[in-house]
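Participant: I'll drop the sequence and a predicted model, then ask my questions.
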Amino acid sequence: MRWGRIRAIAVKETIQIRRDTRSLIIALFMPFMQMILLGYGVSLDIKHLPVCVYDREGSQNSQALLKHFQASEYFSIIAVLKNYREAKAALDSDRCRIVIAIPHDFSQKLSDSGGSTVQVLADASDDNTANIAIGYAQSVVDGFAGNLAVAAQGFGGSPAMQNQGVDLEERVWYNEDLDSRNYIIPGVVALIMALVGALLTSLTISREWERGTMELLISTPVQPSEVMLGKLLPYFAIGMLDAVFCLVFSVFWFHVPFRGSLFALFFTTSLFLVVVLGVGFLISAAIKSQVGASQIAVLVTLLPTSLLSGYAFPIDQMPPLVQGVTYVVFARYYVTILKSLFLKGSGLEDLARPVLAMGIYALVVAFLAGRAFKKRLD
Amino acid sequence: MTEVAPKEPAIEVENLVKRFGDFTAVDHVSFQVERGSIIGFLGPNGAGKSTIIRMLCGLLTPSEGRAIVSGIDVAKDPETVREHIGYMSQKFSLYGDLTVMENLRFFGGIYRVPRTILPERIRFAVTMAGLEGREDSLVSTLAGGWKQRLALGCAILHRPPILFLDEPTSGVDPESRRRFWDLIHSLSEDGVTIVVSTHYMDEAEYCNTIALINRGRLLALESPTTLKKRDLGGDLLSVECPDIGKAISLLEGQPGILDIAAFGNAVHLLVDPAKVSCHDLEGRLTTAGIPVERIGSIEPSIDDIFVRMVGENSPQGGAG
C-alpha cells in the first residue's frame, strides 16, 4: 500500500465532494434536518392528554384526587361527566382518550382498608398512548396515595403505602425529568451517522462506474485497498465533523445531558463510522448505479437503525426472535453505547461488550471493503 | 522500471481468445509488436479491437491464449504490466468535475511520479495538449480535441514504454485528429510503442503496421504500403452516378464483376479486365437509364482492401 496513491485519491475525492451539491447536502444539511425533525417530531411523551372525569362520590377526597390529575402536566380535564353513557360517548367521539371514574365508596374504602380503586377507561385503539396514559394515571394516583400516606404518617399510617414512594424513585434514574427526548436524541445521533455515512459512500464507486472514470482508474497500478482508504478518508472526516455537530446540538440545543467521556464518544464513533462507511462502500462496489446504491444504502441503514437498534423502541420489549435479530444490527451497539455515554456517564470499561462487538464488526467490514471491487471489467 | 531487452518485442500475443457467453469477441488472434513502432487496429465497430486492447491492459481476462506485454504475462501479473503502460479508454474517462491541473496531479499521484519531477512532467503535458492558460478550467468544459490531448497527457505522465489508445480520435474534428497523430508520432520517435485502434481507415497511413480486424479475427497484419499493394485479383474501377443503389443491383453478380461496394457517392467495382472495360460498363449503365458522371480505374485504398478482405472472410463466402 502506498501513501502517495491514497493521498491522491483522498484529495481528488475531497474536491469532488466540494463540487457536488448532492454530497454537500447529505453531508452538511441532512444531520441538521434530522436533528430538528426527530428531536422535535418524535416524542414518546404524553402531555396534557384530554381526560374526562366521572366522580360518583363527590367528596373532599375524590376532589383532591382529581386536583392531582389537573395539576399533573400529563393530563388536562376537559369535562365532568354525569354517567357511564356519557363516558362511552366521550371516548367514542374522540373527545378524550381516557375517562377517570371514581367509585361512590372511594372515601369509605380508603379509611376502612387504607386502599381504594379508581377506574380508568382508556381508548386503546392507540394502545401505545393508552398504555402510557394508564402508566401516568397510576403514577398520579400513587402520588396521591403517597401524600395520603405522608399525611397519615403523623397518625401512625400503614407501612405498605410508604413502599409506593420507593417504587416511584426507581423509575427516574438516568433521566430524571422523564423526558423522552433525552432518551431519543442519543439514538438520533446514531441514526444520522449511519444514514449520512452509508449514503455518502454508497455513491463513491458507483459514480466512477457511471461516469466511465473507473475504466481508466483500474488500468493504473492502484490497489483496491488504496482506493478504499483514499475514498473513505474524506468521508471519515465528514462523519467526525457531523458527530461533533450532533453532540453540540444535543447538549446545547436540546439540553440532553452528556455525562460520559469525550474520548469514549469519539473512539466508539470512529468504530461506528468505519462500519457504516465500509458498508456504504461495499454497496457501492456491488451496485454500479448511483441511484440503486443509494436506495440500498438507505434500506440497510435507516430501517434497521430506526426499528431494531433500540433507538426509540426498547429491545427488551420485542419478541424473542426479533431480539435475536437485533444482534446483527450494528447500530444496536452504538445506540447502547451512546445512551450510556449521554445519560449514565459510563466509561469505556463499562461498555466493553458493545465496544468489542463494534470492533469486530469494523474489522470484518474493513476487510471486506478492502477487497470489494475487482480491477476487472469482466 | 525494468528495461526490456532491445530485441524482445514490446507485445507478443498468441492465440488470444475472448468469449462473452456464446459470443466470441476475439477469435485466436496472434501478433507481435516491435518496440517503438505504431500498430493500428482497424475494423468496424464491434470487430473486437477494444476487447483485445482491454485484455492487453489486464482489464479483461482472456478465455484462451497468452498475452505478453513488456515481457510480462498479463494474466499472471497485471499489476506489473500496469506500471509499464498508459491507457486511453474509448470513452473519455478523466474527471470532468476536476480541473486540468487537478486531473494531472491526480494521475501523477496514482502513477507515483516523484514529486521533484512531477511539475516538469505536468508542464510538458499541458504544453503538448495546448492547454496553456486553461490549467484551471474544469475538464467538462473543454472541447473534444483538448480533452483527448489531455487524456493522452495523463496517460504518459509516468513515461510508459507502451501506450494503448482505444479510438482516441473518435468524435474529434479533423484538425484535432491530425494534431493528435503528430503527437503519437513524436512519442513513437522517442521509442514509445503505441497500440492504437480506429475506425477511420485514412488513419491507417500513419501506422507502421496495420492489423485488420473483423468479427474478432485478424485478417491482415502488414505495413500500409504492403497492404495497398495486395493483389485484389482484378482491376478496381470507380463509377460516379446519381442512383448508386440501382447501379449496384444492375451490375451485381454479372459476368466479370468480382466485387461491388458503395463508397460515399461512388460505386467501386472489382472487375476482370479481360471481360469488362470502362467503355462497356458505361454503355450498360446508360442503357439502363443511369447517367454516368465519371468512370475510371483507381488505385485501391485501405478501405477497398478491407472491404475485399472482409468479403472473402465472411461466412457467406463473399461476392464474386
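Facilitator: Thanks, I have it.
Participant: how long is stretch A:366-378 from one end to the other?
Facilitator: Counting by C-alpha to C-alpha, to the nearest Å, you get 24 Å between the two ends of stretch A:366-378.
Participant: chain A contacts on chain B?
Facilitator: Residues of chain B lying close to chain A by C-beta under 8 Å from any C-beta of the partner chain are B:20, B:54, B:57-61, B:78-79, B:82-83, B:85, B:87-89, B:91-98, B:102, B:105-112. Placement of C-beta: from N, CA and C, glycine included.
Participant: how about a cut-off of 7 Å?
Facilitator: Counting by C-beta under 7 Å from any C-beta of the partner chain, the residues of chain B lying close to chain A are B:54, B:57, B:59-61, B:79, B:82-83, B:87, B:89, B:91, B:93, B:95, B:97-98, B:102, B:106, B:109-112.
Participant: count of neighbours near the residue in chain B that chain A sits nearest to?
Facilitator: At 2.5 Å from chain A, B:Gly109 is the closest residue in chain B, using C-beta to the nearest C-beta. By the criterion of other C-beta atoms under 10 Å in any protein chain shown, B:Gly109 has 24 neighbours.
Participant: for it, which non-adjacent residue is closest in space?
Facilitator: Sequence neighbours aside, A:Ala8 is the residue nearest to B:Gly109 in space, at 2.5 Å (criterion: C-beta to C-beta, 6 or more residues apart in numbering or on different chains).
Participant: do the same with B:Leu237
Facilitator: Nearest to B:Leu237 is B:Leu269, by C-beta to C-beta, 6+ apart, at 4.7 Å.
Participant: just checking, what packs against the helix or strand that contains A:Leu191?
Facilitator: For A:Leu191, the host element (DSSP states H and E) is helix A:180-211. Contacts defined by 3 or more C-beta pairs under 7 Å, 6 or more residues apart in numbering or on different chains; DSSP states H and E place helix A:180-211 against helix A:30-36, helix A:224-248, helix A:262-286, helix A:290-308, helix A:330-339.
Participant: pull out the buried positions in it.
Facilitator: Residues of helix A:180-211 classed as buried by neighbour count (16 or more other C-beta atoms under 10 Å in any protein chain shown): A:180-209, A:211.
Participant: so what are the domain limits for the chain?
Facilitator: This is for chain A. If you go by automatic domain parsing, the domain ranges for chain A are A:3-43+A:179-372, A:49-162.
Participant: let's do chain B instead
Facilitator: B:11-228, B:235-299.
Participant: start to end distance for the longest one?
Facilitator: Same thing as domain B:11-228. End-to-end span of domain B:11-228 (C-alpha to C-alpha): 25 Å.
Participant: kindly report the same for the shortest one.
Facilitator: Across domain B:235-299, the terminal residues are separated by 9 Å (C-alpha to C-alpha).
Participant: what do you get for stretch B:242-258?
Facilitator: 22 Å.
Participant: average pLDDT for that stretch?
Facilitator: For stretch B:242-258, mean pLDDT is 86.
Participant: without its sequence neighbours, what residue ends up closest to B:Ala129?
Facilitator: B:Arg149 (3.6 Å).
Participant: which strands or helices does the strand or helix carrying that neighbour pack on?
Facilitator: In the assignment (DSSP H and E), B:Arg149 maps to helix B:144-155. If contacts are counted by 3+ C-beta pairs under 7 Å, 6+ apart, helix B:144-155 sits against strand B:85-88, helix B:100-110, helix B:118-129, helix B:174-189.
Participant: mind doing that once more with 8 Å?
Facilitator: Here helix B:144-155 touches strand B:85-88, helix B:100-110, helix B:118-129, strand B:162-166, helix B:174-189, going by 3 or more C-beta pairs under 8 Å, 6 or more residues apart in numbering or on different chains; DSSP states H and E.
Participant: picking that back up, these two touch, right, the residue nearest to B:Ala129 and B:Gly130?
Facilitator: Yes - using C-beta atoms under 8 Å, B:Arg149 is in contact with B:Gly130, at 6.6 Å.
Participant: which of the two has more residues huddled nearby?
Facilitator: A direct count of neighbours by other C-beta under 10 Å for B:Arg149 and B:Gly130 places B:Arg149 higher, at 23 against 15.
Participant: list the contacts of that one.
Facilitator: Residues near B:Arg149 by C-beta atoms under 8 Å, 6 or more residues apart in numbering or on different chains: B:Met128, B:Ala129, B:Gly130, B:Leu131, B:Ser176, B:Arg179, B:Phe180, B:Leu183.
Participant: now those in CSV, please, with extra columns for distance to A:Ser309 and pLDDT.
Facilitator: Shown next, in CSV, are those (distance: C-beta to C-beta, whole Å; pLDDT from 0 to 100):
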residue, distance to A:Ser309, pLDDT
B:Met128, 56, 92
B:Ala129, 52, 92
B:Gly130, 57, 92
B:Leu131, 52, 94
B:Ser176, 57, 89
B:Arg179, 60, 91
B:Phe180, 57, 93
B:Leu183, 58, 93
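Participant: just the buried residues of those residues.
Facilitator: Buried subset of the contacts of B:Arg149 (neighbour count, 16+ other C-beta under 10 Å): B:Met128, B:Ala129, B:Leu131, B:Ser176, B:Arg179, B:Phe180, B:Leu183.
Participant: shaky segments in the chain?
Facilitator: Answering for chain A, as no chain was given. When residues are selected by pLDDT under 70, those of chain A lie in A:42-46, A:113-115, A:127-128, A:145-179.
Participant: that's the wrong chain, I wanted chain B
Facilitator: Flagging of chain B using pLDDT under 70 yields the residue ranges B:1-7, B:313-320.
Participant: how about a cut-off of 50?
Facilitator: Low-confidence segments of chain B (pLDDT under 50): B:1, B:4, B:316-320.
Participant: for it, which segments count as helices?
Facilitator: Ranges of helices in chain B, per DSSP state H, are B:49-56, B:78-84, B:100-110, B:118-129, B:144-155, B:174-189, B:224-228, B:244-251, B:278-287, B:302-313.
Participant: enumerate the residues of chain A near chain B.
Facilitator: Within reach of chain B by C-beta under 8 Å from any C-beta, chain A has these residues: A:2, A:4-5, A:7-9, A:11-12, A:15-16, A:19-20, A:211-223, A:375-378.
Participant: of those residues, which belong to strands?
Facilitator: Among the residues of chain A next to chain B, the subset assigned to strands under DSSP state E is empty.
Participant: report the buried members of the residues you listed.
Facilitator: A:4-5, A:8-9, A:11-12, A:15-16, A:20, A:211, A:213-223, A:375, A:377.
Participant: the residue positioned nearest the centre of chain A and A:Ile296, how far apart?
Facilitator: By C-alpha atoms, centre = their mean, chain A has its centre lying nearest to A:Tyr311, at 2.9 Å. Using C-beta to C-beta, to the nearest Å, we find A:Tyr311 at a distance of 21 Å from A:Ile296.
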